[in-house]
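Peer 1: quick one, fold the following:
(one chain, ligands or ions: 8)
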Amino acid sequence: MAVQWSVLTMSIASVLGLVLSVCCPVRGSPGVSQDLDYGGVPLWINRLLGEPSVLSLQGRMDRAWYRANNPDSCPDLCDCPIQWPTALYCDHGHLEKVPDSLLDNTQYLFLQGNNISYVPSSSFTNSSGLRWLILDHNNLQGEGLQPDTLQNLTQLKYLFLNHNKLTAVPSGLPSSLRQLRLAHNLISIISPGTFGNLSNLTMLLLQGNRLSVITETDLTGLVSVNLLDLSGNRFFSFPSYLPPSIQQLYLSNNSLSGLEENSLRGFANLKFLRLSHCGLLSPSIHRQSFNLSSLVELDLSYNKLTTIPLVPSTLQYLYLEANHIQEFNVSSFCSEVGPLSYSRMKILRLDGNQMSYHLLPTDWVYCLRVLHHIYI
Ligand SMILES: *[C@@H]1O[C@H](CO)[C@@H](O)[C@H](O)[C@H]1NC(C)=O
Ligand SMILES: *[C@@H]1O[C@H](CO)[C@@H](O)[C@H](O)[C@H]1NC(C)=O
Ligand SMILES: *[C@@H]1O[C@H](CO)[C@@H](O)[C@H](O)[C@H]1NC(C)=O
Ligand SMILES: *[C@@H]1O[C@H](CO)[C@@H](O)[C@H](O)[C@H]1NC(C)=O
Ligand SMILES: *[C@@H]1O[C@H](CO)[C@@H](O)[C@H](O)[C@H]1NC(C)=O
Ligand SMILES: *[C@@H]1O[C@H](CO)[C@@H](O)[C@H](O)[C@H]1NC(C)=O
Ligand SMILES: *[C@@H]1O[C@H](CO)[C@@H](O)[C@H](O)[C@H]1NC(C)=O
Ligand SMILES: *[C@@H]1O[C@H](CO)[C@@H](O)[C@H](O)[C@H]1NC(C)=O
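Peer 2: Ligands and ions are numbered 1, 2, ... in the order given. Now for the predicted structure:
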């Protein structure tokens with residue numbers, strides 16, 4: 001009893017004192033690397049990982065200093081830091097093409113923030129050791145990246161192509177890729193077989209594109225993907241044929257008609273699911289849709305839900321802010337309450353609904369007994 005009362009007291013305190021006061025600490029939570037690395041250059045070399053951390057321009061040394069102190073030749077309009085001889089920075093200039101005479105030992109090539117519209121297939125013939133290729137914020141379109149341009153780059157792990165004008169996922173991607181970022185392009189097509197050889201790809205970012213459907217063979221071959229971001233596309237129904245290995249699936253900002261009983265079937269590892277701003281209505285969500293015991297975080301904020309959907313008792317973070325919820329039924333969280341039957345929910349957001357603290361049934365604390373915060 002004592003434990004439960006202290007939970008209740010803490011919950012009341014958070015209702016009174018913390019309503020709407022938290023946003024970022026809650027959202028930043030479980031193990032998701034935020035995509036803050038658009039367009040940045042490494043701040044420092046992470047000597048433990050042996051690879052750079054691409055975060056910001058802060059602390060960058062003066063270009064003239066590099067030129068004066070580096071005995072190696074360096075392409076015009078690029079920086080070749082002496083403390084990191086395998087990196088070449090040619091970012092935020094006005095380059096319209098990849099520089100000639102790339103250094104043979106270049107492994108990290110930063111070309112973001114230029115005006116490159118075409119990368120001929122011979123561009124990297126002398127740079128077969130490339131590990132990172134950053135082409136964010138350029139002018140790549142249609143056939144801008146030739147199918148054989150990247151094919152021989154057997155060391156390429158990270159490919160950044162965010163913020164270009166590509167209309168299809170490039171073909172000829174090397175099988176060594178671990179992360180592929182294609183956010184904010186005009187992609188409406190994934191050709192069958194595009195990902196056929198990418199068995200080591202773990203992250204695929206496609207948010208902010210024009211995809212409306214995933215066909216059976218589109219994503220074939222992506223056996224290791226754990227993060228797939230399809231937010232801000234043109235899906236009108238929950239996409240099928242997604243790789244079953246996914247742990248983080250982001251589908252916010254699509255106009256989804258609803259979820260079927262089996263929409264999430266087969267995702268044995270799905271932990272984080274984001275479906276905010278999807279226009280979802282309570283009747284269009286099948287009662288069993290979210291009954292998936294692997295789920296840890298579920299974001300259903302900014303929809304049109306009128307009731308709290310049934311969620312598994314293993315769920316720890318549920319975001320339902322800015323919906324039209326008017327009732328709180330404990331059976332959404334607990335089918336029964338007992339010594340071992342209770343909800344593992346830590347954070348529950350219900351702010352911006354037609355809820356008030358007085359609408360909570362008296363027995364809710366027996367179900368939500370490990371709650372850290374509730375926002376109403
Ligand atoms: C590759 O290296 C060869 C020999 O050094 C050179 O002739 C050629 O121009 C280089 N190609 C590119 C694209 O830099
Ligand atoms: C970028 O290149 C295109 C030609 O490919 C040119 O028309 C345009 O003016 C360039 N933009 C800038 C900002 O230099
Ligand atoms: C890739 O490698 C093959 C075999 O070494 C070679 O014939 C081909 O020209 C290379 N392609 C590019 C674009 O460098
Ligand atoms: C996959 O790899 C094989 C062998 O390297 C190659 O022949 C084939 O063209 C590749 N497929 C794609 C879609 O790149
Ligand atoms: C995929 O990853 C494994 C384990 O790191 C590695 O042995 C293998 O060579 C990689 N495959 C490719 C095509 O790079
Ligand atoms: C979705 O759209 C809203 C409103 O336009 C925007 O504030 C939000 O950042 C978007 N979220 C994602 C994940 O795209
Ligand atoms: C959730 O699914 C499990 C089987 O996966 C089932 O046993 C359980 O009854 C379901 N829960 C509810 C509340 O329907
Ligand atoms: C809560 O939901 C259950 C199952 O849908 C229903 O049987 C019950 O009547 C509801 N309770 C209240 C108070 O609305």
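Peer 1: residues from the stretch 51-200 of the chain in reach of ligand 7?
Peer 2: Counting by C-beta under 6 Å from any ligand atom, no residue of the stretch 51-200 of the chain lies close to ligand 7. Glycine gets a C-beta too; all of them are placed from N, C-alpha and C.
Peer 1: give me the residue from the stretch 51-200 of the chain nearest ligand 4.
Peer 2: residue 197 (3.7 Å; C-beta to the nearest ligand atom).
Peer 1: residue contacts, the residue nearest to that residue when sequence neighbours are not counted?
Peer 2: Distances taken as C-beta to C-beta, 6 or more residues apart in numbering put residue 175 closest to residue 197, at 3.9 Å, once the chain neighbours are dropped. By C-beta atoms under 8 Å, 6 or more residues apart in numbering, the contact list for residue 175 reads 154, 197-200.
Peer 1: biggest separation within those, which pair?
Peer 2: Farthest-apart pair in these is 154 and 199; separation 14.0 Å (C-beta to C-beta).
Peer 1: show me where this structure has helices.
Peer 2: 2-17, 24-27, 63-69, 364-367 (DSSP state H).
Peer 1: give me the number of residues near residue 121?
Peer 2: By other C-beta atoms under 10 Å, the residues close to residue 121 number 15.
Peer 1: quick check, it in contact with residue 143.
Peer 2: No - look at residue 121 against residue 143 with C-beta atoms under 8 Å: they stay out of range, at 10.9 Å.
Peer 1: contacts only, for the closest residue to residue 142 other than its chain neighbours.
Peer 2: Among residues not flanking residue 142 along the chain, residue 167 sits closest, at 5.9 Å (C-beta to C-beta, 6+ apart). For residue 167, the contact set (C-beta under 8 Å, 6+ apart) comprises 141-142, 185-189.
Peer 1: wait, which of these is closest to residue 251?
Peer 2: The closest of the contacts of residue 167 to residue 251 turns out to be residue 187 (C-beta to C-beta; 15.7 Å).
Peer 1: any idea how far ligand 6 is from the closest one?
Peer 2: Per C-beta to the nearest ligand atom, to the nearest Å, residue 187 is found 15 Å from ligand 6.
Peer 1: can you pull the pLDDT of that residue?
Peer 2: Model confidence at residue 187, given as pLDDT, is 96.
Peer 1: near ligand 4, which residues of the protein show up?
Peer 2: Counting by C-beta under 6 Å from any ligand atom, the chain sits next to ligand 4 at 172, 193, 196-197.
Peer 1: selection in ChimeraX covering whichever of the residues you listed are buried, please.
Peer 2: The following ChimeraX line selects those of the residues of the chain next to ligand 4 that are buried, judged by 16 or more other C-beta atoms under 10 Å:
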select :172,197
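Peer 1: looking at the residues of the chain next to ligand 4, which gets the smallest pLDDT?
Peer 2: Minimum pLDDT across the residues of the chain next to ligand 4 falls on residue 193, with 87.
Peer 1: hmm, residue 220 and it touching each other?
Peer 2: Yes - shown here, residue 193 and residue 220 form a contact pair, counting by C-beta under 8 Å, at 7.3 Å.
Peer 1: thinking residue 190 is in contact with residue 166, fair?
Peer 2: No - between residue 190 and residue 166 there is no contact under C-beta under 8 Å: 11.4 Å.
Peer 1: what's in contact with stretch 236-251?
Peer 2: Everything outside stretch 236-251 that qualifies as a contact, by C-beta under 8 Å, 6+ apart, is 32, 207, 212-219, 222-231, 235, 254-260, 263, 266-275, 278.
Peer 1: now list the buried members of those residues.
Peer 2: 32, 207, 214, 218-219, 222, 225-231, 235, 254, 256, 258-260, 263, 267, 270-275, 278.
Peer 1: what segments of the stretch 201-350 of the chain are strands?
Peer 2: 203-205, 227-229, 248-250, 272-274, 297-299, 317-319, 347-349 (DSSP state E, counting those that start in this stretch).
Peer 1: the ones you listed: which one's closest to ligand 1?
Peer 2: strand 203-205 (28.8 Å).
Peer 1: tell me what that closest one is packed against?
Peer 2: strand 179-181, strand 227-229 (3 or more C-beta pairs under 8 Å, 6 or more residues apart in numbering; DSSP states H and E).
Peer 1: and the first one, what does it pack onto?
Peer 2: Strand 179-181 sits against strand 158-160, strand 203-205, with contacts defined as 3+ C-beta pairs under 8 Å, 6+ apart.
Peer 1: if you average pLDDT over that strand, what comes out?
Peer 2: 93.
Peer 1: quick one: contacts of that strand?
Peer 2: Outside strand 179-181, the residues touching it (C-beta under 8 Å, 6+ apart) are 35, 136, 157-162, 173, 198, 201-205.
Peer 1: ok, residue 292 touching residue 266?
Peer 2: No - contact criterion C-beta under 8 Å: residue 292 and residue 266 do not qualify, at 9.9 Å.
Peer 1: how about the residues of the stretch 101-250 of the chain by ligand 1?
Peer 2: Close to ligand 1, as judged by C-beta under 6 Å from any ligand atom, the stretch 101-250 of the chain has residues 101-102, 122, 125-126.
Peer 1: just want the residue of this structure that's nearest ligand 3.
Peer 2: Closest point on the chain to ligand 3, by C-beta to the nearest ligand atom, is residue 152, at 3.8 Å.
Peer 1: name the residue of the stretch 151-300 of the chain that lies nearest to ligand 2.
Peer 2: residue 165 (11.0 Å).
Peer 1: around that residue, how many other residues sit close by?
Peer 2: Neighbour tally, residue 165, other C-beta under 10 Å: 15.
Peer 1: could I get the contacting residues of residue 109?
Peer 2: Residue 109 neighbours (C-beta under 8 Å, 6+ apart): 87-88, 90, 102, 127, 130, 132-134.
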